[in-house]
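# how would this look folded up:
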Amino acid sequence: MVESLALGGRIRHYARLFMICMLMVSCVAGGAFAAPAGDARLRLELRDARGALLWSAPAAEGMTFAIRYRHSVALTPVEDWFAVVGGVLELQRSVYQDFGAGLPHTPEQGQSMRFEGGRVVMDGYRRPLPSFDVRVGRVAQHTLLLNDASGRQKAIPLDSLARPGQAITFGLGRADGDQGPIRPPEGGAAQ
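This is a model prediction of the structure:
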């Protein structure tokens with residue numbers, strides 16, 4: 001009887017160890033399969049109408065960038081700021097000097113408007129965009145603004161990537177490895 005109790009105790013002990021091991025394996029495997037989208041290595045990609053890659057750069061969660069352009073009527077600068085949020089691009093704010101056609105003049109629900117340094121800042125858009133197109137303007141001087149590793153702002157004129165009148169699609173892609181930005185061809189606009 002004593003021997004059967006000892007055997008039953010060992011079986012319970014090994015059964016508990018087995019359950020603990022299975023729990024550990026399922027936690028590790030579950031963690032590998034349930035990694036948040038922000039952990040994936042993403043790249044900001046600019047593509048032409050055929051889908052050919054024109055330019056790309058690493059795009060970590062929280063990365064911000066802007067598209068600066070000249071307003072077609074007022075001819076004053078406008079900046080639309082975006083961020084990488086949850087694996088998509090999100091429009092977050094617009095900054096402009098003067099009110100003009102197509103520019104917001106009152107905040108919508110959840111937005112705020114303030115004046116900062118002589119400019120209007122409309123904040124709180126929080127609009128997720130899987131991708132969006134910018135048609136390179138002849139007058140607009142569309143420019144991509146990025147902060148480099150040292151915190152300095154880098155400006156990339158979109159007419160160095162595509163001819164005026166052509167559309168550039170902004171979106172996120174998956175990175176096989178961090179290869180750094182892909183540079184546009186030397187000598188100006190992409191063919």
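# what average pLDDT does stretch 147-158 get?
On average, the pLDDT along stretch 147-158 is 86.
# buried ones in that stretch?
I156, L158 (16 or more other C-beta atoms under 10 Å). Every residue, glycine included, has its C-beta placed from N, CA and C.
# so what touches it?
46, 55, 64, 67-68, 134, 136, 141-146, 168 (C-beta atoms under 8 Å, 6 or more residues apart in numbering).
# now these: which count as buried?
Using 16+ other C-beta under 10 Å, the buried ones in the contacts of stretch 147-158 are L46, W55, I67, R68, V134, V136, H142, T143, L144, L146, I168.
# distance of the third one from D133?
Between I67 and D133 the distance, using C-beta to C-beta, to the nearest Å, works out to 11 Å.
# shared neighbours, those two?
In terms of C-beta under 8 Å, 6+ apart, I67 and D133 are both contacted by the residues F170.
# tell me the contacts of R43?
Contacts of R43 (C-beta under 8 Å, 6+ apart): S56, A57, P58, A59, L172, G173, R174, A175.
# nearest to L91 among these?
Nearest to L91 out of these is L172 (C-beta to C-beta; 14.0 Å).
# confidence score at that closest one?
What the model reports for L172 is a pLDDT of 95.
# excluding chain neighbours, what is closest to it?
L42 (4.9 Å; C-beta to C-beta, 6 or more residues apart in numbering).
# over to Q111?
G124 (4.0 Å).
# helices or strands next to the strand or helix carrying I168 in the packing?
Taking DSSP states H and E as the definition, I168 sits inside strand 167-174. Counting by 3 or more C-beta pairs under 8 Å, 6 or more residues apart in numbering; DSSP states H and E, the packing neighbours recorded for strand 167-174 are strand 42-47, strand 88-96, strand 131-135.
# just give me the lowest mean pLDDT stretch among those strands.
Across the helices and strands packed on strand 167-174, the lowest-scoring stretch is strand 88-96, with a mean of 92.
# list the neighbouring strands of it plus their orientation.
Here strand 88-96 is paired, per DSSP bridges, with strand 77-85 (antiparallel), strand 119-129 (antiparallel).
# strand 167-174 and that strand, what's the angle between them?
130 degrees (axes from the mean of the first three to the mean of the last three C-alpha atoms, to 10 degrees).
# tell me the mean pLDDT over whatever helix or strand comes next after strand 88-96?
Per DSSP H and E, the first helix or strand lying C-terminal to strand 88-96 is strand 112-116. For strand 112-116, mean pLDDT is 89.
# show me what strand 112-116 is in contact with.
P104, T106, P107, V120, V121, M122, D123, G124.
# and with 6 Å instead?
Here strand 112-116 makes contact (C-beta atoms under 6 Å, 6 or more residues apart in numbering) with P107, V121, M122, D123, G124.
# most neighbours of all those, which one?
Within these, neighbour counts (other C-beta atoms under 10 Å) peak at M122, which reaches 21 neighbours.
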